[in-house]
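*Asks:* Sharing a model that was predicted from the sequence below.
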Protein chains: 2
Amino acid sequence: MHEYFIQNVRFHEDEVVTLKGWVYNLRKSGKIWFLLLRDGTGIIQCVVTKHDCDEASFDLKDVLTQESSVIVTGLVRADDRAEGGYELIAHKVELVSLAQEYPITKKEHGIEFLMDHRHLWLRSRRQHAIMRIRHTIIKSIRTFFDQRDFILVDTPIFQKMATEGTATLFETEYYDDKAYLTQSGQLYAEAAALALGKVYCFGPTFRAEKSKTRRHLTEFWMVEPEMAYYDLEMDMDLAEEMIMYIVAEVLLNRRQELETLERDISKLEAIRTPFPRMHYADAIKLLQEKGEDIPWGDDFGAPHETIIGESHSSPVLVHHYPADIKAFYMKRDAEEPKYALAVDMLAPEGYGEIIGGSQREDDLNVLLERMKAEGMAPENYQWYLDLRRYGSVPHSGFGLGLERTVAWICGLKHIREAIPFPRTMTRLTP
Amino acid sequence: MHEYFIQNVRFHEDEVVTLKGWVYNLRKSGKIWFLLLRDGTGIIQCVVTKHDCDEASFDLKDVLTQESSVIVTGLVRADDRAEGGYELIAHKVELVSLAQEYPITKKEHGIEFLMDHRHLWLRSRRQHAIMRIRHTIIKSIRTFFDQRDFILVDTPIFQKMATEGTATLFETEYYDDKAYLTQSGQLYAEAAALALGKVYCFGPTFRAEKSKTRRHLTEFWMVEPEMAYYDLEMDMDLAEEMIMYIVAEVLLNRRQELETLERDISKLEAIRTPFPRMHYADAIKLLQEKGEDIPWGDDFGAPHETIIGESHSSPVLVHHYPADIKAFYMKRDAEEPKYALAVDMLAPEGYGEIIGGSQREDDLNVLLERMKAEGMAPENYQWYLDLRRYGSVPHSGFGLGLERTVAWICGLKHIREAIPFPRTMTRLTP
């Protein structure tokens, strides 16, 4: 039996098709009623009259509730006035299951109420658009790396040690031991890069952040490419190329969804490579010129990232951060060792950091010193140090926060809508 | 600057290229020496003579150790006797970093030693082949669903409730609360299917299994499609089609890797759709005929799965298991309610279950009764029950265990080699 879906009715004009879905809305007008049917792929208006329909079907108008599940058989007819350009002249409407009174109505609901009903809120046009764009972003990232012969290497969630400091670790009992949930796959990706050359991992990561900002989740997805024989310059080139590809794919495949979200598409269309590149010292100067009271050596806060990001229509690559404010694994600039060979990519329109990357320290002794200075216990990192003992090479990589990227591309005010079931400091359900 | 990789030297015959990699092996023979260079994409023999090379490069023969990192520039020459059909006439060899004495040698190492050095073991030919096949399997799964208009919906790792019983839950403190690590994304995928029609999730899942078998990991990846308006029959069709697609893609793209693993490729080539389908009662009969002492009502153990799987050259779909041995969310057969509308797919060659699926219970009251009978607390599942309150529809799905599938397709004896960094009851590092 052929399956029909609303997104494909344009291929079936003047054919009789059966669509299976849910009542998105209902409007009655005497001898005719209109059923807005959703099936997950789209929404179509079904026109129900006694002329075209049997009586039992017609009488459902007095029974159907929002989100009741129904199967509608009817004729696909082109109509320019209809959403999507087509409507269905119903021949038969079958009730599958009558919905109880649906909690999400047309009135404004508070965000906590909607988040409590996330499992139902996902049925709305807006959430569909976000989920489809998220899907396309993920797919474009994987395609980007696959086409460049990167090997996907899934890194472990359970780890014995911290990658990004111990303050934000989630811990779990692991039989007679303790394990932490991964904050980043990077250290493992480094091992894989020295085995396979160019690799990426792409999975959930966890940070027990104490922050309740619009940019923080406790559970978020991150893609982390890692490349042997790449220096910072090549790392930045790759990050830029990837972002340009993602944006192009979304513009190509998800224009309708961007319109549903009322995204200002021109902002995405204005993005061009090469992205502006700015030395940290120049970024500090820019901020000071804009009246910010930030001395050399400080890390940027969200307002600083916003100012830098808004200074350009494309994402900005800020590189050469002071080594003291960056992670132990970042290599220092040989000529100016106070700087780390680090880069952050700041999205336009105030969305802040979406990528953090660096060239990695490849010298065993320097790395050991850095770990000692940070009070880390080298015995937990012996395998990582092995990568510098056996065939160390210059290598680089970066991490892209998926939800921050989705939020930016969709133009969302808060990151919580960028993931199907968000987890924050105050939310663990549904 | 153009990047060259060993897998692509065939496009550069008689050109001078620069390859960056590591010493896989070294063989000296008087005035000539041979360097087996690996770069993650392949292995090539570099021929080093004083005739073609400068003296400093030639003299490296007395210095280089296994896994030292080197950059070799030379002429690509076709040679049928060489691995991959090409060799490199070296003009220059540069040492990047001299490796300490490499722990993995040609002698036999015990599996625990190799697993302790997993970060280095990944550099071997055999592990490269497995990782590439794993990559292709994951890619083919995602392509399969993307091409069929499934939407990827990443389900949460932190959950408040159990999906597959409470015995195997990992727990973590979550601020002032407690969270469990997901055993399965299914319940969330059901919510997403009722929103988006056809969805899949694909992420890591966790089970604190007490078993130390060759088929158990504590952390493993699972793909879980879930489809609104699908019954068990459609569910089985989809599972079969997906497996056929995966096998075809691996045969098409990873033949060389299968050969490296000495996989009996004919076993994979013999797989044909439709796969045999067997009612549970018939499977019990088969087992009894084969001399097994298993009564109707018992679940299969690994030896039973092996017997059933080995009875066919294609995977076998066993369906209609007794409801009492299956999960609370599975729908019962209306005509024979002692059976659940469940299916397991058993791989050939003794690899056992790779897929478990079912049609889901869509009746609110029946589901409540099932949960009560199992001693579950409905208050933790209100959002899941909502899916039966608001537009319930017949729906089905299944879960494919990625590492079991990789182990089967690669012909591995133990699942621990099917994932880059395995986690088992006794292993949490590296």
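*Replies:* Looks like it arrived, so ask away.
*Asks:* The residue of the stretch 51-200 of chain A found nearest chain B: neighbour count?
*Replies:* Residue nearest to chain B within the stretch 51-200 of chain A (CB to the nearest CB): A:Gly197, separated by 2.6 Å. Bear in mind the C-beta positions are built from the backbone N, C-alpha and C, glycine included. By other CB atoms under 10 Å in any protein chain shown, 30 other residues sit near A:Gly197.
*Asks:* Next up, the contacts around the nearest residue to it once chain neighbours are set aside.
*Replies:* What sits nearest to A:Gly197 in space, not counting adjacent residues and going by CB to CB, 6 or more residues apart in numbering or on different chains, is B:Gly40, at 2.6 Å. Contact partners of B:Gly40, counting by CB atoms under 8 Å, 6 or more residues apart in numbering or on different chains, are A:Ile151, A:Ala193, A:Ala195, A:Leu196, A:Gly197, A:Lys198, A:Ala228, B:Phe5, B:Gly21, B:His128.
*Asks:* Dig out what A:Val16 forms beta bridges with.
*Replies:* Counting by DSSP bridges, A:Val16 is bridged to A:Leu75.
*Asks:* Tell me, how many residues neighbour it?
*Replies:* 14.
*Asks:* related to what we said a few turns ago, inside strands: which ones of the contacts of B:Gly40?
*Replies:* A:Ile151, A:Lys198, A:Ala228, B:Gly21 (DSSP state E).
*Asks:* which one of the residues you listed is nearest A:Gly401?
*Replies:* Nearest to A:Gly401, judged by CB to CB, of the ones in strands among the contacts of B:Gly40 is A:Lys198 at 20.9 Å.
*Asks:* can you pull the buried residues of stretch A:404-413?
*Replies:* The neighbour-count check on stretch A:404-413 (16 or more other CB atoms under 10 Å in any protein chain shown) flags A:Arg404, A:Thr405, A:Val406, A:Ala407, A:Trp408, A:Ile409, A:Cys410, A:Gly411, A:Leu412 as buried.
*Asks:* follow-up on the earlier one: thought A:Met227 was touching the residue of the stretch 51-200 of chain A closest to chain B, still the case?
*Replies:* Yes: contact between A:Gly197 and A:Met227 holds when scored by CB atoms under 8 Å: they sit 7.4 Å apart.
*Asks:* picking up where we left off before, would you convert the contacts of B:Gly40 into a markdown table that also reports distance to B:Leu287 and pLDDT?
*Replies:* Putting the contacts of B:Gly40 into a markdown table (distance: CB to CB, whole Å; pLDDT from 0 to 100) gives the following:
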| residue | distance to B:Leu287 | pLDDT |
| --- | --- | --- |
| A:Ile151 | 41 | 98 |
| A:Ala193 | 48 | 98 |
| A:Ala195 | 43 | 98 |
| A:Leu196 | 43 | 98 |
| A:Gly197 | 48 | 98 |
| A:Lys198 | 48 | 98 |
| A:Ala228 | 51 | 98 |
| B:Phe5 | 51 | 97 |
| B:Gly21 | 52 | 98 |
| B:His128 | 39 | 98 |
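*Asks:* Redo those as CSV? Include distance to A:Asp324.
*Replies:* As requested, the contacts of B:Gly40 are arranged in CSV below (distance: CB to CB, whole Å):
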residue, distance to A:Asp324
A:Ile151, 34
A:Ala193, 26
A:Ala195, 32
A:Leu196, 33
A:Gly197, 32
A:Lys198, 30
A:Ala228, 27
B:Phe5, 37
B:Gly21, 34
B:His128, 39
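*Asks:* in chain A, what spans have low per-residue confidence?
*Replies:* The model of chain A has pLDDT under 70 over residues A:1.
*Asks:* where do the helices sit along it?
*Replies:* All helices of chain A, identified by DSSP state H, fall at A:55-59, A:111-116, A:118-121, A:125-147, A:186-196, A:232-253, A:255-260, A:265-269, A:280-289, A:302-310, A:364-373, A:382-389, A:402-410.
*Asks:* still on that earlier bit, of the ones in strands among the contacts of B:Gly40, closest to B:Thr166?
*Replies:* Of the ones in strands among the contacts of B:Gly40, the one sitting nearest to B:Thr166 (CB to CB) turns out to be A:Ile151, at 37.1 Å.
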